[in-house]
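[1] 3D model of this:
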Amino acid sequence: MANKLKGITVILLDKKNVGKDPFKHPIYEDVEIEVDNVLVSPTSADDIINQLSIDGRKAVYTLAIPKGDTNDWENKEVVFFDKKWRTFGIPLKGIDELIPLDWNEKVMVERIE
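    Numbers count the residues shown, from 1 in each chain. Model (predicted):
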C-alpha cells in the first residue's frame, strides 16, 4: 500500500472587522482559522539567499497550501510547531488541473516569536 502525503493543521491568524470606534475607525479582532493538510518544508538555501538579498527577510519554512483553500495568506501570522510565524512575499499559485497532488499554492514564512 502506497503512503499518501498528508500535511499538518496550521492556525492562520486573520483580522475580522467587528465595528467602529467613536471616531468611525474600524475595530478589528483576531480570528483563528484552522487550515488542514498544509505541507511544511524547510526553505531551500537558494531561496533563503535570494530573499535576504531582496528584502532582508530570512525564510525558514515554505508552506504548501491545499487546493480549494480561499484564505488570504499574504502578510499573515500563522501558528505551527508551537511557534508563531509570518508569511511574506506573494503566495505563488498554480493551475489546479496541471498539478497532480493536493497542493497548488506556496508561501514562505519567517519566525516572529
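[2] list of residues touching stretch 58-67?
    7, 10, 35-43, 47-48, 51-52, 71, 73, 78, 85, 87-88, 91, 96, 99, 102-111 (C-beta atoms under 8 Å, 6 or more residues apart in numbering). All C-beta spots, glycine's among them, are computed from the backbone N, C-alpha and C.
[3] which among those residues count as buried?
    7, 10, 35, 37-40, 43, 48, 51, 73, 78, 85, 87-88, 91, 102-110 (16 or more other C-beta atoms under 10 Å).
[4] ok, and the closest non-adjacent residue to Met69?
    Careful, residue 69 is Asp; it's not Met. By the measure of C-beta to C-beta, 6 or more residues apart in numbering, the closest residue to Asp69 outside its immediate chain neighbours is Val35, 6.3 Å from it.
[5] check contacts around Pro42.
    By C-beta under 8 Å, 6+ apart, the contact list for Pro42 reads Val60, Tyr61, Thr62.
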